[in-house]
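In: no sequence on this one, just coordinates:
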């Protein structure tokens, strides 16, 4: 009798999950699965965070009906270059980061070549000390700007762009340190993306800085989502979701109405571009594709 009872219990143990699964199929429901993406950045969960909200939208646009998305953020404080190196070794997990592209970075990692800011990351306002406003009003062209010194991050692609155009650069580690260095007169101006300035006004107020009058820098550049070279599945999923958002208009609505863009673009009014070339820009960058790229006059 005991052996018979044990046989029945064992049979039920194996059959119950199968029965439950069959009932789910018949009823049109399925147990939810969790899709985990590890974000290689220390990013607080803020309601207005452009990158996090866009990433959630992209993943949601490509998810299965019963799939749940979970983002896990790193708690490590690394330099940008260290993040890139870390990601290059994580081929077996869904890890990603967002950063400005370059030839070297696309050799190291796999980009999803849809610019997160439609190329606006290469539109750079010059943050200066308030007392230098008159000095910058005297600028007339690139040659004049070459007499001044910019501040940029070590290993940032923008540093190479400035240097390739004959602009002297003093390097620092991280934007907060660079703002402090600017206030301490270690260099003359700090180029910041027009989509970055709205989030950094606290630094300008703290150190009595302003956006330089009359001019801004302009060069082709793109910020992408990057994954490990071997993680084709995650790259294709991000691309598929992003394309869906562009097709249905959700990305354009998100982009145009986000404070980073809406509060940044007015800074271009009354200012003219100083055009720079970008020798680090990969040939595959979609600079002529209006589907992905913000065009002057939009």
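Out: Structure's in. What do you need? Bear in mind the structure is a predicted one, so any value in this text is a computation, not a measurement.
In: C-alpha from now on. contacts and neighbour counts both.
Out: OK.
In: What distance separates the opening and closing residues of stretch 223-237?
Out: End-to-end distance of stretch 223-237: 18 Å, with Cα to Cα, to the nearest Å as the criterion.
In: pLDDT of it, averaged?
Out: In this model, stretch 223-237 has a mean pLDDT of 95.
In: Only the buried residues of it, if you could.
Out: By neighbour count with 16 or more other Cα atoms under 10 Å, stretch 223-237 contains the buried residues 223-231, 234-235, 237.
In: Distance from the chain centre to that stretch, please.
Out: Centroid displacement of stretch 223-237 relative to its chain, using Cα atoms, centre = their mean, to the nearest Å, is 13 Å.
In: Check the buried residues of stretch 223-237 against residue 119 and report the nearest one.
Out: residue 223 (7.3 Å; Cα to Cα).
In: Provide the partner residues of the closest one in its beta bridges.
Out: Taking DSSP bridges as the rule, residue 223 bridges to residue 100.
In: on that earlier part again, just the buried residues of stretch 223-237: which are in strands?
Out: Mapping the buried residues of stretch 223-237 onto strands (DSSP state E) picks out 223-227.
In: Now render those residues as a markdown table, adding distance to residue 94.
Out: Output for these, formatted as a markdown table (distance: Cα to Cα, whole Å):
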| residue | distance to residue 94 |
| --- | --- |
| 223 | 19 |
| 224 | 16 |
| 225 | 12 |
| 226 | 11 |
| 227 | 8 |
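In: domain assignment for the protein?
Out: 33-119+221-262, 121-218 (automatic domain parsing).
In: if we compare these, which one ends up closest to residue 280?
Out: The nearest among the domains of the chain, by Cα to Cα, is domain 33-119+221-262 at 5.2 Å.
In: how long is the closest one from one end to the other?
Out: End-to-end distance of domain 33-119+221-262 (Cα to Cα): 37 Å.
In: Identify each buried residue in stretch 162-171, please.
Out: For stretch 162-171, the neighbour count (16+ other Cα under 10 Å) marks 162, 165, 167-171 as buried.
In: how about the strands of the stretch 101-250 of the chain, start to end?
Out: 110-112, 123-129, 150-153, 169-172, 190-193, 209-211, 215-218, 223-227 (DSSP state E, counting those that start in this stretch).
In: Buried residues in stretch 199-208, which are they?
Out: Taking 16+ other Cα under 10 Å as the criterion, stretch 199-208 shows 203-204, 207 as buried.
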